[in-house]
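K.L.:
only geometry, no sequence info:
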(Lines give C-alpha, C1' and ligand atoms only; values in the text may rest on other atoms or scores of the structure.)
Protein backbone atom coordinates (compact mmCIF):
# COMPACT_ATOMS: atom_id res chain seq x y z
CA UNK A 1 0.00 0.00 0.00
CA UNK A 2 1.19 3.48 -0.81
CA UNK A 3 -0.34 5.07 2.30
CA UNK A 4 -0.04 3.90 5.90
CA UNK A 5 0.50 5.31 9.39
CA UNK A 6 4.06 6.33 8.62
CA UNK A 7 3.32 7.62 5.11
CA UNK A 8 0.06 9.56 5.09
CA UNK A 9 -1.32 11.84 2.37
CA UNK A 10 -0.35 15.50 2.48
CA UNK A 11 -2.54 17.40 4.95
CA UNK A 12 -3.65 20.92 4.07
CA UNK A 13 -6.88 21.54 5.94
CA UNK A 14 -9.14 24.07 4.26
CA UNK A 15 -9.98 25.53 7.65
CA UNK A 16 -11.17 28.85 6.22
CA UNK A 17 -13.65 27.19 3.85
CA UNK A 18 -17.43 27.32 4.23
CA UNK A 19 -17.72 23.55 4.60
CA UNK A 20 -14.92 23.17 7.15
CA UNK A 21 -16.50 25.83 9.36
CA UNK A 22 -20.05 24.49 9.01
CA UNK A 23 -19.89 20.68 8.93
CA UNK A 24 -20.07 18.07 11.71
CA UNK A 25 -18.64 14.62 12.51
CA UNK A 26 -20.17 11.49 10.95
CA UNK A 27 -20.03 7.71 11.31
CA UNK A 28 -17.99 6.50 8.33
CA UNK A 29 -19.74 3.93 6.15
CA UNK A 30 -17.79 4.07 2.89
CA UNK A 31 -15.88 6.09 0.31
CA UNK A 32 -17.37 8.11 -2.57
CA UNK A 33 -15.43 9.17 -5.67
CA UNK A 34 -15.89 12.46 -7.55
CA UNK A 35 -14.20 14.26 -10.44
CA UNK A 36 -14.36 17.97 -11.10
CA UNK A 37 -15.89 18.29 -14.56
CA UNK A 38 -13.36 21.01 -15.47
CA UNK A 39 -10.18 20.86 -17.54
CA UNK A 40 -7.63 21.73 -14.86
CA UNK A 41 -5.62 18.88 -13.29
CA UNK A 42 -3.74 21.17 -10.87
CA UNK A 43 -4.47 20.88 -7.16
CA UNK A 44 -3.65 24.57 -6.68
CA UNK A 45 -6.89 25.48 -8.49
CA UNK A 46 -8.90 24.13 -5.54
CA UNK A 47 -6.56 23.74 -2.56
CA UNK A 48 -4.46 26.44 -0.86
CA UNK A 49 -3.03 26.72 2.64
CA UNK A 50 -4.84 28.80 5.25
CA UNK A 51 -3.58 32.28 6.00
CA UNK A 52 -2.56 31.99 9.66
CA UNK A 53 -0.21 29.60 11.42
CA UNK A 54 -2.91 28.73 13.95
CA UNK A 55 -5.16 27.50 11.17
CA UNK A 56 -2.27 25.50 9.68
CA UNK A 57 -1.42 23.78 12.98
CA UNK A 58 -2.43 20.31 11.73
CA UNK A 59 -1.04 20.71 8.21
CA UNK A 60 1.96 18.81 6.85
CA UNK A 61 3.65 22.07 5.87
CA UNK A 62 3.34 24.64 8.64
CA UNK A 63 5.26 27.23 6.63
CA UNK A 64 2.83 28.74 4.12
CA UNK A 65 5.51 29.52 1.53
CA UNK A 66 6.73 25.93 1.65
CA UNK A 67 3.16 24.67 1.22
CA UNK A 68 2.74 26.90 -1.83
CA UNK A 69 5.98 25.62 -3.32
CA UNK A 70 4.68 22.06 -2.99
CA UNK A 71 1.05 22.61 -4.02
CA UNK A 72 1.42 25.57 -6.37
CA UNK A 73 0.05 29.10 -6.20
CA UNK A 74 -3.50 30.04 -7.15
CA UNK A 75 -2.95 33.64 -8.27
CA UNK A 76 -6.69 34.25 -8.69
CA UNK A 77 -7.55 33.29 -5.08
CA UNK A 78 -10.58 31.34 -6.32
CA UNK A 79 -9.66 28.18 -4.41
CA UNK A 80 -12.17 26.73 -1.96
CA UNK A 81 -10.23 27.99 1.06
CA UNK A 82 -10.60 31.63 0.01
CA UNK A 83 -14.06 31.64 -1.52
CA UNK A 84 -17.48 31.27 0.05
CA UNK A 85 -18.97 28.14 -1.48
CA UNK A 86 -21.27 25.50 -0.04
CA UNK A 87 -19.17 22.50 -0.96
CA UNK A 88 -16.19 20.72 0.49
CA UNK A 89 -14.34 17.41 0.29
CA UNK A 90 -12.28 15.31 2.67
CA UNK A 91 -9.52 15.12 0.06
CA UNK A 92 -8.43 16.09 -3.46
CA UNK A 93 -6.36 14.21 -6.03
CA UNK A 94 -4.44 15.94 -8.80
CA UNK A 95 -1.10 17.41 -9.81
CA UNK A 96 1.27 19.13 -7.40
CA UNK A 97 3.42 22.03 -8.54
CA UNK A 98 6.10 19.66 -9.86
CA UNK A 99 3.55 17.66 -11.90
CA UNK A 100 3.43 14.56 -9.71
CA UNK A 101 0.02 13.16 -8.83
CA UNK A 102 -0.84 13.11 -5.15
CA UNK A 103 -3.59 13.24 -2.55
CA UNK A 104 -4.18 16.21 -0.26
CA UNK A 105 -6.40 15.69 2.78
CA UNK A 106 -8.47 18.85 3.29
CA UNK A 107 -10.73 17.86 6.23
CA UNK A 108 -10.66 15.20 8.95
CA UNK A 109 -11.76 11.88 7.48
CA UNK A 110 -14.71 11.54 9.84
CA UNK A 111 -16.13 14.98 9.10
CA UNK A 112 -19.17 15.03 6.83
CA UNK A 113 -18.34 16.46 3.40
CA UNK A 114 -20.61 18.69 1.36
CA UNK A 115 -20.04 16.70 -1.78
CA UNK A 116 -22.78 14.75 -3.53
CA UNK A 117 -25.78 16.90 -2.63
CA UNK A 118 -29.05 15.10 -1.96
CA UNK A 119 -31.54 12.95 -3.83
CA UNK A 120 -35.08 11.77 -3.21
CA UNK A 121 -34.03 9.45 -0.36
CA UNK A 122 -31.37 11.54 1.34
CA UNK A 123 -27.62 12.03 0.97
CA UNK A 124 -24.40 10.05 1.09
CA UNK A 125 -22.85 13.14 2.68
CA UNK A 126 -23.88 11.50 5.95
CA UNK A 127 -21.47 8.58 6.07
CA UNK A 128 -19.24 8.49 2.98
CA UNK A 129 -15.75 9.98 2.96
CA UNK A 130 -15.54 11.88 -0.33
CA UNK A 131 -12.67 13.00 -2.51
CA UNK A 132 -12.52 14.92 -5.76
CA UNK A 133 -10.10 14.18 -8.59
CA UNK A 134 -9.00 17.09 -10.78
CA UNK A 135 -9.92 16.32 -14.38
CA UNK A 136 -7.90 17.18 -17.46
CA UNK A 137 -9.27 17.15 -21.02
CA UNK A 138 -10.34 13.50 -20.49
CA UNK A 139 -8.24 12.43 -23.46
CA UNK A 140 -4.91 11.54 -21.80
CA UNK A 141 -4.74 7.84 -20.84
CA UNK A 142 -1.58 8.34 -18.78
CA UNK A 143 -3.12 10.95 -16.49
CA UNK A 144 -6.43 9.09 -16.21
CA UNK A 145 -4.77 5.85 -15.14
CA UNK A 146 -2.39 7.56 -12.71
CA UNK A 147 -5.31 9.43 -11.13
CA UNK A 148 -7.28 6.18 -10.94
CA UNK A 149 -4.29 4.43 -9.33
CA UNK A 150 -4.00 7.19 -6.73
CA UNK A 151 -7.74 6.89 -6.05
CA UNK A 152 -7.37 3.15 -5.49
CA UNK A 153 -4.45 3.66 -3.10
CA UNK A 154 -6.30 6.32 -1.12
CA UNK A 155 -9.46 4.21 -0.93
CA UNK A 156 -7.50 1.16 0.26
CA UNK A 157 -5.88 3.31 2.96
CA UNK A 158 -9.29 4.53 4.14
CA UNK A 159 -10.84 1.06 3.99
CA UNK A 160 -8.12 -0.25 6.25
CA UNK A 161 -8.45 2.71 8.63
CA UNK A 162 -12.22 2.35 9.02
CA UNK A 163 -12.54 -1.43 8.49
CA UNK A 164 -14.54 -1.07 5.28
CA UNK A 165 -15.15 -4.08 3.01
CA UNK A 166 -14.55 -2.78 -0.55
CA UNK A 167 -17.12 -5.28 -1.90
CA UNK A 168 -19.56 -4.63 0.94
CA UNK A 169 -22.96 -2.96 1.16
CA UNK A 170 -24.62 -0.76 3.76
CA UNK A 171 -28.36 -0.53 4.48
CA UNK A 172 -28.90 3.22 4.41
CA UNK A 173 -32.14 5.20 4.09
CA UNK A 174 -33.93 2.04 3.01
CA UNK A 175 -31.39 1.41 0.22
CA UNK A 176 -28.65 -1.19 -0.15
CA UNK A 177 -25.64 1.03 -0.92
CA UNK A 178 -22.16 -0.16 -1.99
CA UNK A 179 -19.44 0.90 0.41
CA UNK A 180 -17.39 2.23 -2.52
CA UNK A 181 -19.41 4.30 -4.98
CA UNK A 182 -19.17 7.37 -7.20
CA UNK A 183 -21.34 10.47 -7.53
CA UNK A 184 -23.29 8.98 -10.44
CA UNK A 185 -24.21 5.93 -8.35
CA UNK A 186 -25.32 8.04 -5.39
CA UNK A 187 -27.72 9.87 -7.71
CA UNK A 188 -29.03 6.62 -9.20
CA UNK A 189 -29.82 5.40 -5.66
CA UNK A 190 -31.61 8.63 -4.75
CA UNK A 191 -28.79 9.68 -2.42
CA UNK A 192 -27.12 12.43 -4.44
CA UNK A 193 -27.85 15.17 -6.95
CA UNK A 194 -27.71 14.66 -10.71
CA UNK A 195 -24.03 14.37 -11.63
CA UNK A 196 -22.34 11.79 -13.88
CA UNK A 197 -18.85 11.59 -12.35
CA UNK A 198 -16.86 9.42 -12.58
CA UNK A 199 -18.82 7.39 -15.14
CA UNK A 200 -18.05 9.87 -17.95
CA UNK A 201 -14.27 9.56 -17.56
CA UNK A 202 -12.63 6.34 -16.32
CA UNK A 203 -14.74 3.94 -18.43
CA UNK A 204 -13.08 5.52 -21.50
CA UNK A 205 -9.90 3.85 -20.31
CA UNK A 206 -11.34 0.52 -19.22
CA UNK A 207 -11.91 1.46 -15.57
CA UNK A 208 -15.09 1.61 -13.50
CA UNK A 209 -16.29 1.38 -9.91
CA UNK A 210 -16.37 -2.41 -10.35
CA UNK A 211 -12.66 -2.51 -11.26
CA UNK A 212 -11.98 -0.01 -8.45
CA UNK A 213 -13.49 -2.33 -5.83
CA UNK A 214 -11.47 -5.25 -7.17
CA UNK A 215 -8.24 -3.23 -7.24
CA UNK A 216 -8.80 -1.85 -3.74
CA UNK A 217 -9.40 -5.39 -2.45
CA UNK A 218 -6.18 -6.55 -4.11
CA UNK A 219 -4.18 -3.74 -2.48
CA UNK A 220 -5.72 -4.55 0.92
CA UNK A 221 -4.85 -8.22 0.45
CA UNK A 222 -1.21 -7.21 0.26
CA UNK A 223 -0.69 -7.94 -3.40
CA UNK A 224 2.61 -6.38 -4.39
CA UNK A 225 2.02 -6.79 -8.10
CA UNK A 226 -1.18 -4.79 -8.55
CA UNK A 227 -0.34 -3.04 -11.80
CA UNK A 228 -3.09 -0.81 -13.11
CA UNK A 229 -2.83 0.11 -16.77
CA UNK A 230 -5.05 1.15 -19.64
CA UNK A 231 -6.11 -1.43 -22.26
CA UNK A 232 -3.76 -1.57 -25.23
CA UNK A 233 -6.29 0.00 -27.57
CA UNK A 234 -6.49 3.12 -25.38
CA UNK A 235 -2.77 3.69 -25.00
CA UNK A 236 -1.98 3.42 -28.70
CA UNK A 237 -4.53 4.04 -31.44
CA UNK A 238 -2.18 2.58 -34.05
CA UNK A 239 -0.25 -0.29 -32.41
CA UNK A 240 2.70 -1.56 -34.44
CA UNK A 241 2.13 -5.16 -35.47
CA UNK A 242 4.45 -7.58 -37.27
CA UNK A 243 4.96 -11.29 -37.78
CA UNK A 244 4.87 -12.91 -34.35
CA UNK A 245 2.44 -10.38 -32.82
CA UNK A 246 -0.63 -11.78 -31.06
CA UNK A 247 -3.80 -10.57 -29.40
CA UNK A 248 -6.92 -8.51 -29.99
CA UNK A 249 -5.16 -5.92 -32.16
CA UNK A 250 -4.09 -8.69 -34.54
CA UNK A 251 -7.68 -9.96 -34.66
CA UNK A 252 -8.82 -6.44 -35.55
CA UNK A 253 -6.22 -6.32 -38.34
CA UNK A 254 -7.21 -9.75 -39.67
CA UNK A 255 -10.90 -8.88 -39.63
CA UNK A 256 -10.22 -5.65 -41.54
CA UNK A 257 -8.15 -7.44 -44.19
CA UNK A 258 -10.85 -10.09 -44.55
CA UNK A 259 -13.50 -7.43 -45.10
CA UNK A 260 -11.29 -5.91 -47.77
CA UNK A 261 -11.16 -9.19 -49.68
CA UNK A 262 -7.88 -10.76 -48.58
CA UNK A 263 -7.85 -14.50 -47.88
CA UNK A 264 -6.43 -15.19 -44.40
CA UNK A 265 -7.96 -18.35 -43.06
CA UNK A 266 -8.93 -18.19 -39.39
CA UNK A 267 -9.24 -14.95 -37.42
CA UNK A 268 -7.07 -16.27 -34.62
CA UNK A 269 -5.08 -13.28 -33.36
CA UNK A 270 -1.82 -14.84 -34.60
CA UNK A 271 0.25 -12.70 -37.00
CA UNK A 272 1.61 -15.53 -39.13
CA UNK A 273 2.72 -15.96 -42.77
CA UNK A 274 -0.83 -15.65 -44.21
CA UNK A 275 -1.47 -12.37 -42.39
CA UNK A 276 1.94 -11.05 -43.39
CA UNK A 277 1.32 -11.89 -47.06
CA UNK A 278 -2.06 -10.16 -46.96
CA UNK A 279 -0.52 -7.06 -45.37
CA UNK A 280 2.19 -6.92 -48.05
CA UNK A 281 -0.38 -7.25 -50.83
CA UNK A 282 -2.43 -4.44 -49.32
CA UNK A 283 0.63 -2.23 -48.86
CA UNK A 284 1.46 -2.76 -52.53
CA UNK A 285 -1.96 -1.57 -53.67
CA UNK A 286 -1.63 1.55 -51.51
CA UNK A 287 1.92 2.47 -52.61
CA UNK A 288 3.17 1.98 -49.04
CA UNK A 289 6.49 0.45 -48.03
CA UNK A 290 6.01 -3.29 -48.57
CA UNK A 291 7.53 -4.66 -45.40
CA UNK A 292 4.64 -6.59 -43.84
CA UNK A 293 4.77 -4.34 -40.75
CA UNK A 294 1.53 -2.61 -39.75
CA UNK A 295 2.31 0.85 -38.41
CA UNK A 296 0.35 4.09 -38.35
CA UNK A 297 0.39 4.64 -42.13
CA UNK A 298 -0.83 1.13 -42.88
CA UNK A 299 -3.54 1.38 -40.20
CA UNK A 300 -4.77 4.67 -41.65
CA UNK A 301 -4.83 3.22 -45.18
CA UNK A 302 -6.78 0.20 -43.92
CA UNK A 303 -9.31 2.46 -42.20
CA UNK A 304 -9.72 4.58 -45.34
CA UNK A 305 -10.16 1.50 -47.56
CA UNK A 306 -12.70 0.01 -45.17
CA UNK A 307 -14.75 3.21 -45.12
CA UNK A 308 -15.00 3.31 -48.89
CA UNK A 309 -15.56 -0.45 -49.09
CA UNK A 310 -13.04 -0.71 -51.89
CA UNK A 311 -12.01 -4.34 -52.21
CA UNK A 312 -8.59 -4.46 -53.88
CA UNK A 313 -8.13 -6.37 -57.12
CA UNK A 314 -4.77 -8.08 -57.39
CA UNK A 315 -3.90 -8.68 -61.07
CA UNK A 316 -1.35 -11.41 -61.48
CA UNK A 317 -0.71 -10.99 -65.21
CA UNK A 318 -2.34 -9.80 -68.44
CA UNK A 319 -2.47 -12.16 -71.42
CA UNK A 320 -2.97 -11.48 -75.11
CA UNK A 321 -4.93 -14.07 -77.10
CA UNK A 322 -5.48 -14.13 -80.87
CA UNK A 323 -8.51 -16.11 -82.04
CA UNK A 324 -9.60 -16.31 -85.69
CA UNK A 325 -13.08 -16.28 -87.23
CA UNK A 326 -15.02 -14.82 -84.27
CA UNK A 327 -18.23 -12.96 -84.76
CA UNK A 328 -18.55 -9.59 -83.03
CA UNK A 329 -20.93 -11.14 -80.50
CA UNK A 330 -18.48 -13.97 -79.71
CA UNK A 331 -15.59 -11.56 -79.29
CA UNK A 332 -17.63 -9.39 -76.91
CA UNK A 333 -18.63 -12.43 -74.86
CA UNK A 334 -14.99 -13.47 -74.44
CA UNK A 335 -13.97 -9.95 -73.49
CA UNK A 336 -16.64 -9.93 -70.78
CA UNK A 337 -15.72 -13.36 -69.44
CA UNK A 338 -11.92 -13.05 -69.52
CA UNK A 339 -11.28 -9.59 -68.07
CA UNK A 340 -7.55 -10.21 -67.72
CA UNK A 341 -7.15 -10.99 -71.42
CA UNK A 342 -6.85 -8.76 -74.41
CA UNK A 343 -9.06 -10.21 -77.22
CA UNK A 344 -7.97 -9.16 -80.72
CA UNK A 345 -10.26 -9.66 -83.67
CA UNK A 346 -8.43 -10.78 -86.89
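P.N.:
Done, it's in. In this text the structure is predicted, and so the values were computed from the model without any measurement.
K.L.:
give me the element residue 150 is part of.
P.N.:
helix 141-162 (DSSP states H and E).
K.L.:
off-centre distance for that helix?
P.N.:
Counting by CA atoms, centre = their mean, to the nearest Å, helix 141-162 is centred 14 Å from the centre of its parent chain.
K.L.:
before we move on, what about stretch 6-13?
P.N.:
26 Å.
K.L.:
what does that stretch rub up against?
P.N.:
Applying CB atoms under 8 Å, 6 or more residues apart in numbering, the contact partners of stretch 6-13 are 3, 20, 47-50, 55-56, 58-61, 67, 70-71, 91, 102-108, 154, 157. In short, each C-beta sits where N, CA and C put it, glycine included.
K.L.:
endpoints of it, how far apart?
P.N.:
Distance across stretch 6-13, first residue to last, is 19 Å (CA to CA, to the nearest Å).
K.L.:
isn't residue 166 right up against residue 155?
P.N.:
Yes. The criterion here is CB atoms under 8 Å, and residue 166 meets it with residue 155 at 7.3 Å.
K.L.:
which stretches in the stretch 51-200 of the chain count as helices?
P.N.:
64-71, 141-162, 183-188 (DSSP state H, counting those that start in this stretch).
K.L.:
any common contacting residues for residue 166 and residue 155?
P.N.:
180, 216.
K.L.:
returning to that earlier point: residue 304 is nearest to which of the helices of the stretch 51-200 of the chain?
P.N.:
Residue 304 lies closest to helix 141-162 among the helices of the stretch 51-200 of the chain, at 24.6 Å (CB to CB).
K.L.:
now that closest one: average pLDDT?
P.N.:
Here helix 141-162 scores 96 as its mean pLDDT.
K.L.:
now do stretch 199-215
P.N.:
Mean predicted lDDT for stretch 199-215 stands at 92.
K.L.:
for residue 65, the count of nearby residues, please.
P.N.:
By other CB atoms under 10 Å, 10 other residues sit near residue 65.
K.L.:
I figured residue 31 hits residue 158, correct?
P.N.:
Yes. At 5.3 Å, residue 31 counts as touching residue 158 under the criterion of CB under 8 Å.
K.L.:
shared neighbours of the two, anything?
P.N.:
With CB under 8 Å, 6+ apart, residue 31 and residue 158 have common neighbours 129, 164.
K.L.:
so for these two, which residue has more residues nearby?
P.N.:
residue 31 (29 against 22).
K.L.:
how about residues contacting whichever helix or strand the more buried one is part of?
P.N.:
Secondary structure from DSSP H and E places residue 31 in strand 30-35. Outside strand 30-35, the residues that touch it by CB under 8 Å, 6+ apart are 89, 115-116, 124, 127-135, 151, 155, 158-159, 164, 168, 170, 177-183, 186, 195, 197-198, 201, 209, 212.
K.L.:
partners of that strand, with directions?
P.N.:
Strand 30-35 pairs in its sheet with strand 128-133 (parallel), strand 180-182 (parallel), by DSSP bridges.
K.L.:
of the ones you listed, give the one that comes closest to residue 268.
P.N.:
Per CB to CB, nearest to residue 268 of the strands paired with strand 30-35: strand 180-182, 38.2 Å.
K.L.:
show residues contacting that closest one.
P.N.:
Residues outside strand 180-182 that contact it (CB under 8 Å, 6+ apart) are 30-34, 124, 128, 155, 159, 164, 166, 189, 197-199, 209, 212-213, 216.
K.L.:
how far off centre is that strand?
P.N.:
Distance, stretch centre to chain centre, for strand 180-182: 17 Å (CA atoms, centre = their mean).
K.L.:
now stretch 251-266: average pLDDT?
P.N.:
87.
K.L.:
buried stuff in that stretch?
P.N.:
Residues 252-254, 256-257, 260, 262, 264 are the ones in stretch 251-266 that count as buried (16 or more other CB atoms under 10 Å).
K.L.:
buried sites along stretch 95-114?
P.N.:
For stretch 95-114, by 16+ other CB under 10 Å, it's 95-96, 101-107, 109, 111-114.
K.L.:
nearest to residue 238, of the residues you listed?
P.N.:
Nearest member of those to residue 238, counting by CB to CB, is residue 101, at 26.8 Å.
K.L.:
and that closest one, how far is that from residue 69?
P.N.:
Separation of residue 101 from residue 69 (CB to CB, to the nearest Å) stands at 17 Å.
K.L.:
and residue 16, that one's in a helix?
P.N.:
No. Read with DSSP: H, G, I helix; E, B strand; the rest coil, residue 16 is coil and lies in no helix.
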